[in-house]
Every structure is written in C-alpha cells, then in structure tokens.
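1. any chance you could fold what I've pasted below:
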Amino acid sequence: MPNYVDDPANPGKRIDVIDLQKRNPYQPLPPYAIRELLKRDRWTRRDALLILAGYHPRNVVDGAGHPIGTVGAGVIFLDGTNQALLGQAGLQHPCYPDPMLYDFMTLAEYANGSDKEKSPQEWLAWAKEKDFTPYWLEYIGAIQSEAQAPVEVVDNPERQTGPVIANAPTESLGAHEYPDDICALFDPLPINGIGEVFHGVGLDWRKLAERASRNGLRECRIIRNGFNPAKVAAWLVGGGHLSKERADRLLAKNLPPRSTDNAHLITGEYPR
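-> Predicted coordinates for the structure are as follows:
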C-alpha cells in the first residue's frame, strides 16, 4: 500500500516513500513516523528500544529478543518503508540490518532487567547516558522542540575538546559542491577512512563526526556511518581548510578501484 509524503523536490506535491527512496538508495529518509510517536505519554521498554534503533514499534520481537517484523510487510521502519516494499523495488534499507540490528541488540543489553515505562524524553535522556544517539535525532529539531524534550542533540560547547572546524557551512555545501556524477565515483567511507583521505588537513575527525549536526558535516553523510569523500572535500573547501585544486588532487588520488579510470573527470587532466 503506498505511503505518501511531501515531495522535497516538488513543493506542493506528494510522493510515495519507496519512489522517494529510489532517488538516493543510500541515504536514509526522514523518520516520518516519529512525530506521532513522540506525542505518546509513555514508551514501554520494548517500544523504546525499537524506536531508538530506527524500527517502528509495530514490529514483532521474537522470543530471543530479535525484531522480526510483521507478516506480509516484514520489518517496518520509521520512515514509512518496509522490507517487503523495498524488496519489490530492488532496494534495501540504508540502515538495515547494519547498523540498525546491532544498535537494537546493544540497547537491549543496556536495558536488561528494566521493564519500566518512561516518557519519550526520558528514554532519549537514557540513550544519551549510554552514549547512543538515534540516527533520526538530526532530522527532528523542530519536532523535538514541539515535544519539549530536554535532550541536547550535540555536546555542550564547554566540554568540547580538539579542533572544531571553523567557518564550515552549516546548511549547504553551496557553490563548492561537486556534481552528482563526481560524487557517484566514490563509495561511502567511515569517518576514519575520511581522515585517511584528508589526513594532511589536521582536523579531529572523530570529534567532527560527533558534532555533524552542528558543524554541517551531516550533509556529507549518505549512509548511517558512511560519508562521501567528494562531499567532504566540498565541505572543507567551503570552510577554508582546502583549496579547490588540492581537494581535486586528493580526490583523484583516493578514487576506489572501480573509478580510477575517471580521475580526469575531477582534475580535467587526461593521462598521457
């Protein structure tokens, strides 16, 4: 059954979530269901663990404590997609099974022995105490405000250590952004891989990733724990940490094997 949401590319029009996911199969969709879930007075332990990990609470959890979805639809996600519809479209959820299932099992271990119901805000505070941040928090600043959730999405600046990027764009990669065909040359890399590509820049990449919602790095993330190097390069150029020429050279040098023959698309220099 189609699940229609606002089409971000066509204001005033609606689009089925599966068609929306097809536009960028590697980027999680916004958690459309979370607004209503945050309005609930209480979350049970079971529901809280599912929601925090990115599952819809309608999912069935088996006797061994594993989310197994529902009959017909399979696993249901907060963005309105489900395994069955994604599979029919030749897609897989960007966050399932990894890291969503791992996150659920880790949270379940942390909550072992606790069956107490809590408010959504209390569960979010509990997750923060465990150093766990739901992927969907970065999408819901306005929703969180409406729900009056007393949970900081980013760390207190007074506790920050290590270099924090200055002058980084916080909303858009702007004029420095590489075109889609260049971004498509790269596979997503974890933050330590990004640090290896841009190791000469001298930034604390782990700290930057922890504050991605604040410093703009989240726009470079295309899967839960994967960043596109071309988008990161544009972000660095926009922040004044790299020249465009140096960024081009680093990108061309660090292309994955499948794209090494296309380095000229970045540098404009053809091999002799």
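2. pLDDT score assigned to Tyr32?
-> Per-residue confidence (pLDDT) for Tyr32: 90.
3. can you report phi and psi for it?
-> phi -60, psi -30 (degrees, to the nearest 10).
4. OK, contacts around the nearest residue to it once chain neighbours are set aside?
-> Sequence neighbours aside, Gly80 is the residue nearest to Tyr32 in space, at 5.0 Å (criterion: C-beta to C-beta, 6 or more residues apart in numbering). In short, each C-beta sits where N, CA and C put it, glycine included. By C-beta atoms under 8 Å, 6 or more residues apart in numbering, the contact set of Gly80 is Asn3, Val5, Val17, Leu29, Tyr32, Ala33.
5. quick one: buried ones out of those residues?
-> Neighbour-count burial (16 or more other C-beta atoms under 10 Å) is assigned, among those, to Asn3, Val17, Leu29, Tyr32, Ala33.
6. what segments of the chain are helices?
-> Ranges of helices in the chain, per DSSP state H, are 17-23, 34-38, 45-53, 83-88, 100-110, 120-129, 141-147, 180-183, 191-197, 205-210, 212-215, 229-238, 244-253, 264-267.
7. the second one packs against which elements?
-> The helices and strands touching helix 34-38, judged by 3 or more C-beta pairs under 8 Å, 6 or more residues apart in numbering; DSSP states H and E, are helix 141-147.
8. with the longest one instead?
-> With contacts defined as 3+ C-beta pairs under 8 Å, 6+ apart, the secondary structure elements packing on helix 100-110 are helix 45-53.
9. contact partners of the helix it packs on?
-> Helix 45-53 has contacts (C-beta under 8 Å, 6+ apart) with 34, 37, 43, 56-57, 59, 61, 67, 78, 100-101, 103-104, 107-108, 111, 114-118, 120, 123-124, 127, 132, 134.
10. please apply the same query to stretch 3-22.
-> The contact list for stretch 3-22 (C-beta under 8 Å, 6+ apart) reads Pro2, Arg23, Leu29, Tyr32, Asp79, Gly80, Thr81, Leu85, Leu86, Ala89, Leu91.
11. recalculate using a threshold of 10 Å.
-> Stretch 3-22 has contacts (C-beta atoms under 10 Å, 6 or more residues apart in numbering) with 1-2, 23, 27-30, 32-33, 77, 79-82, 85-86, 88-94.
12. what about this structure, any weak spots by pLDDT?
-> Residue ranges of the chain with pLDDT under 70: 1, 140-175, 224, 271-272.
13. break it into its domains for me.
-> For the chain, automatic domain parsing gives the domain ranges 4-153, 174-267.
14. only the buried members of the contacts of stretch 3-22: can you turn that into a ChimeraX selection?
-> Applying 16+ other C-beta under 10 Å to these, the buried members can be selected in ChimeraX as follows:
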select :28,29,30,32,33,77,79,80,81,82,85,86,93,94
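15. wait, Tyr26 sits on Ile222?
-> Yes - look at Tyr26 against Ile222 with C-beta atoms under 10 Å: they come within range, at 4.8 Å.
16. the more surrounded of these two?
-> Neighbour tally, Tyr26 and Ile222, criterion other C-beta atoms under 10 Å: the higher count belongs to Ile222, 19 against 15.
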